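Asks: Quick one, structure for this:
(chains A and B, ligands or ions: 2)
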Amino acid sequence: MIRFDGAVLRNGGFSLRADLTVLGPGICAIVGPSGAGKSTLLLALAGFASIGAGRLMIGEQDVTALPPAQRPVSVLFQDHNLFAHLDVAANVSLGLRPDLRLNAAQKSRVQQVLQHTGLQGLSARKPAMLSGGQQQRVAIARALLRDRPVLLLDEAFGALGPGLRREMLTLVRTVAVEQNLTVLMVTHEPEDARAIADHVLFVAQGQVHPPLPTAEFFAAPPRAVADYLGLD
Amino acid sequence: MKVTGWVGIAAGLLILLSCAAAISALIGASGGAISVSGADFSAIRFTLLQAALSALGSLLIAVPLARALARRRFRGRDLLVTAMGAPFLLPVLVAVLGLLAIWGRNGVLSALMESVGAERLNIYGLTGVVLAHLFFNIPLVTRLLLQGWATIPPEHLRLGQQLGFGPVERFRLIEMPMLRTVLPGAGLLVFLLCISSFAIALTLGGGPRATTLELAIYQAIRFEFDLPRAGTLAMIQTGLCLIVAAVTMLIARPGEARAGMIHPDPFSPPEGRVLDGVVIASVAMFLSGPVLAVILRGAPALLELPYGVVEAAIRSILVALSSAILTVGVGMALSIGLVRMAELRPRLARVFEAAMLLVLVISPFVLATGWFILLRGHVDPFAIALPMVVTINALMALPFALRAFVPAVAMARRTDGRLADMLGLTGYTRLRHVLLPHMRGPAAFAAGLAAALSMGDLGVIALFGSTTTATLPLVMYQLMGAYRMEAAAGAALLLLLLSFGMFAVIDRLGKSHDPV
Ligand SMILES: Nc1ncnc2c1ncn2[C@@H]1O[C@H](COP(=O)(O)OP(=O)(O)O)[C@@H](O)[C@H]1O
Ligand SMILES: [Mg+2]
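Replies: Ligands and ions are numbered 1, 2, ... in the order given. Alright, predicted model coming up:
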């Protein structure tokens, strides 16, 4: 469960009000016009954007003032999730130890996770030698290894073609269920939300609206959402 | 435009030819046979040693400085970063005088040392040369590195924080890979600049143990009239520059330039804040101290400058304006020619443009030496000292002008050019309404740059100057040589004001009109 209590999120000169609860585990899609503050919401959750007022709870823990590394959160960005000069195995290993000194047990866990995310045989490749979809798989593998209950995706598959995107969404759905994750996923495609989200929340006009069940969100959207979706 | 383009190409060819003529004159003078004496060897050794130390020192200091500036926000930070661009326009001699006022035998630090019973400092020789090179190149490298830091994706910094990177991992995994791509090029650039920085070697070096190749050329011409030796040394100097420039170009990878300017790194970890502060403050003091010293010492003397200084200043202003006009005129014609050529014969145009950039690699000093040898039999080289200064400084500013002009000309042709074709505008009307509006900004910038550079130049003029043709830097150098430090400081302040003033005024001319 994630709860914003009368929170004001700041990103440069921009501020965003958030007062809502996202129930977990499960997948919640985040939609809204561009520049509305969707990324800001995720950055605040991960500890990269400051929370000016109110507080943020994750589970039973008040994380408002917690530094990023101590939050129960992993993030996937659209781009630059990997360090170009490290190979796949090393990029994933960073999820266990930043200094990359893994013991034998940890090394075999890395191999397991690579296997699980469909990256077997690629552990010695540099990111430049991978496709866009494979690169995001590596980032997912690292998040799995970190084993944090909340996973944030900021248009993580926005640069992939429709087929590949669908494949990645399925992977997310699978690991979310297996690991009991709470996933918050920013997307530009209502399709994505329909495909895997349990809830959808809408960000617009300086405010984060509380999530609605996916079916309800699309069947009887509030006025602003209907405008955004281009429905009448 | 057609005629102008041809004139430009002709001017470009003339420049290339006269450079080639200078080089062949040098080969001729050296007698073709390279006979290198012990003194020449030690000049080569000293040239390489001081350049290597200067490059290494600049990198060693610029890395922590750029790192601190990249991750700390404080009042005056942006001003500091902007000010780091200023040494490019600062006349070398002004900096030297300022450095001596701080680090010299009679400088502030020596006085401090003496008051605690220590020896006064003596920086003449290797120390002084390297110190002055650090003064000029730390800011340059810092600015290059800041651009490097700006290419680090914010996502990486965020991931680093999320994954719990400490300072070591942050450096090893995020900053080191960027530095590996930026540092070699930056170091070689400084090395190249330090190989051919005549004025610093002239004023702070000297003697058998601290003579650079260019200083040795100068001595061979001015004091020994040993043209074969000057020719040989100039060939060695040119060879060195070409090798270093070639290596620089080979390793220079086209950076994955990200859009946007130097963005502040919002993830400044609190640890190391004190150290960063110390680094920033001490380098800021090192860089601003000499300039402040020149201002403080020069201000009282400014009101009673010797007549010779005023006369030289007027001469220098005329020289600066002439070379500004020459740079802009030749630069514009040449850019038009290059752009037209690029439309018709793209490959030829690229070769031609690269050849023009090569001019930058030949040191102005070597060029002057070559022309000196060429002209000797026909005219009195000392009588044409000023035209020579104008021409060579205009030439040195030309690559910068081309870099600004060529895109502007191409842009003008792409946008308004089509409209002008349709309306049948040609000749002068076309130049005035189609091209000039696009060129005002770049032209003013290039003119300001050329003016400031030739205002402060103490290279060619030292070789050819005499009392009747002395420019402000030369007069200032003579005052320093005569230990008339008050007057020299006054001249230095005047030179400082004129260089920056001219750049500011001329550059502003390009901005006072409505933007196009
Ligand atoms: N670093 C920043 N500094 C200042 N303003 C920012 C910064 N990042 C984003 N913003 C502003 O914050 C607002 C929300 O941005 P963002 O959260 O990225 O929107 P979204 O992800 O919904 O497109 C935008 O209007 C943007 O202009
Ligand atoms: Mg966004």
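Asks: Looks to me like A:Asp99 is in a helix.
Replies: No: going by DSSP: H, G, I helix; E, B strand; the rest coil, the assignment for A:Asp99 is coil, not a helix.
Asks: tell me the contacts of the closest residue in space to it that isn't next to it in sequence?
Replies: In this structure, A:Asp99 finds its nearest non-sequential neighbour in B:Glu169, 6.2 Å apart by C-beta to C-beta, 6 or more residues apart in numbering or on different chains. (C-beta placed from N, C-alpha, C; glycine too.) The neighbours of B:Glu169, taking C-beta atoms under 8 Å, 6 or more residues apart in numbering or on different chains as the test, are A:Pro98, A:Asp99, B:Gly160.
Asks: same deal with B:Val505?
Replies: Contact analysis of B:Val505 by C-beta under 8 Å, 6+ apart lists B:Gly448.
Asks: measure the closest residue to ligand 1 within chain A to A:Gln111 for me?
Replies: Of the residues in chain A, the one nearest ligand 1 is A:Gly12, at a distance of 2.0 Å by C-beta to the nearest ligand atom. Here A:Gly12 is placed at a distance of 42 Å from A:Gln111 (C-beta to C-beta, to the nearest Å).
Asks: The residue nearest to A:Asp99: helix or strand, and which one exactly?
Replies: For B:Glu169, the host element (DSSP states H and E) is helix B:167-169.
Asks: after that helix, next one along is what?
Replies: Downstream of helix B:167-169 (by DSSP H and E), the next one is helix B:176-195.
Asks: send the alpha carbons of that following helix over as PDB?
Replies: Only the C-alpha atoms of helix B:176-195 are listed here, as PDB (Å, rounded to 0.1, in the frame of the first residue of the first chain):
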ATOM      1  CA  MET B 176      35.200   7.700 -14.700                       C
ATOM      2  CA  PRO B 177      33.700   6.500 -18.000                       C
ATOM      3  CA  MET B 178      32.900  10.100 -19.000                       C
ATOM      4  CA  LEU B 179      36.400  11.300 -18.000                       C
ATOM      5  CA  ARG B 180      38.000   8.600 -20.100                       C
ATOM      6  CA  THR B 181      36.300  10.000 -23.200                       C
ATOM      7  CA  VAL B 182      37.000  13.700 -22.400                       C
ATOM      8  CA  LEU B 183      40.400  13.800 -20.700                       C
ATOM      9  CA  PRO B 184      42.800  12.600 -23.400                       C
ATOM     10  CA  GLY B 185      41.500  15.100 -25.900                       C
ATOM     11  CA  ALA B 186      41.600  17.900 -23.300                       C
ATOM     12  CA  GLY B 187      45.100  17.000 -22.300                       C
ATOM     13  CA  LEU B 188      46.400  16.900 -25.800                       C
ATOM     14  CA  LEU B 189      44.800  20.200 -26.600                       C
ATOM     15  CA  VAL B 190      46.600  21.800 -23.700                       C
ATOM     16  CA  PHE B 191      49.800  20.100 -24.700                       C
ATOM     17  CA  LEU B 192      49.400  21.600 -28.200                       C
ATOM     18  CA  LEU B 193      48.700  25.100 -26.900                       C
ATOM     19  CA  CYS B 194      51.700  24.900 -24.500                       C
ATOM     20  CA  ILE B 195      54.100  23.800 -27.200                       C
END
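Asks: I'd like the next helix or strand past the biggest helix by length in chain B.
Replies: Using DSSP state H, we find that the single longest helix of chain B is helix B:307-344. Per DSSP H and E, the first helix or strand lying C-terminal to helix B:307-344 is helix B:346-361.
Asks: Now do the helix or strand following that next one: everything it contacts.
Replies: Counting by DSSP H and E, the element after helix B:346-361 in chain order, helix or strand, is helix B:364-375. Contact partners of helix B:364-375, identified using C-beta under 8 Å, 6+ apart, comprise B:18-19, B:21-23, B:25-26, B:28-29, B:196, B:198, B:214, B:217-218, B:221, B:227, B:230-231, B:234, B:237-238, B:381, B:384, B:388, B:392-393, B:395-396, B:457, B:459-460, B:463-464.
Asks: what helix or strand is residue 56 on?
Replies: Defaulting to chain A. Using DSSP H and E, A:Leu56 sits in strand A:50-58.
Asks: Chain B, not that one
Replies: Taking DSSP H and E as the definition, one finds B:Leu56 inside helix B:38-71.
Asks: what helices or strands is the helix or strand immediately after that helix in the chain leaning on?
Replies: Downstream of helix B:38-71, the next assigned helix or strand under DSSP H and E is helix B:77-83. Where contact means 3 or more C-beta pairs under 8 Å, 6 or more residues apart in numbering or on different chains; DSSP states H and E, helix B:77-83 is packed against helix B:38-71, helix B:126-150, helix B:273-302.
Asks: list the helices and strands the last one packs on?
Replies: In other words, helix B:273-302. Applying 3+ C-beta pairs under 8 Å, 6+ apart, one finds that helix B:273-302 contacts helix B:38-71, helix B:77-83, helix B:92-103, helix B:126-150, helix B:485-509.
Asks: Put together CSV for those, with distance to B:Leu250 on each row.
Replies: Formatted as CSV, the entries for the helices and strands packed on helix B:273-302 read as follows, by distance: least, C-beta to C-beta, whole Å:
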stretch, distance to B:Leu250
helix B:38-71, 17
helix B:77-83, 30
helix B:92-103, 29
helix B:126-150, 18
helix B:485-509, 33
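Asks: and of those helices, who's closest to A:Ile196?
Replies: Closest of the helices and strands packed on helix B:273-302 to A:Ile196 is helix B:126-150, at 36.8 Å (criterion: C-beta to C-beta).
Asks: the domain parsing of chain B - what is it?
Replies: Per the record, chain B has its domains at B:1-31+B:300-516, B:53-89+B:137-288, by automatic domain parsing.
Asks: do the same with chain A
Replies: Following automatic domain parsing, one gets these domains for chain A: A:2-72+A:148-229, A:84-146.
Asks: measure the longest one end to end?
Replies: So that's domain A:2-72+A:148-229. The stretch domain A:2-72+A:148-229 measures 26 Å between its terminal residues, going by C-alpha to C-alpha, to the nearest Å.
Asks: Give me the distance from that domain to the chain's centre.
Replies: Taking the mean C-alpha point of domain A:2-72+A:148-229 and that of its whole chain, the gap between them comes to 7 Å (C-alpha atoms, centre = their mean, to the nearest Å).
Asks: How about the shortest one?
Replies: On the basis of C-alpha atoms, centre = their mean, the separation between the geometric centre of domain A:84-146 and that of its chain is 18 Å.
Asks: related to what we said a few turns ago, the helix or strand following the strand holding A:Leu56 pairs with which strands?
Replies: If you walk from strand A:50-58 toward the C-terminus, the next helix or strand you reach (DSSP H and E) is strand A:61-62. Paired strands of strand A:61-62, with direction, are strand A:50-58 (antiparallel) (DSSP bridges).
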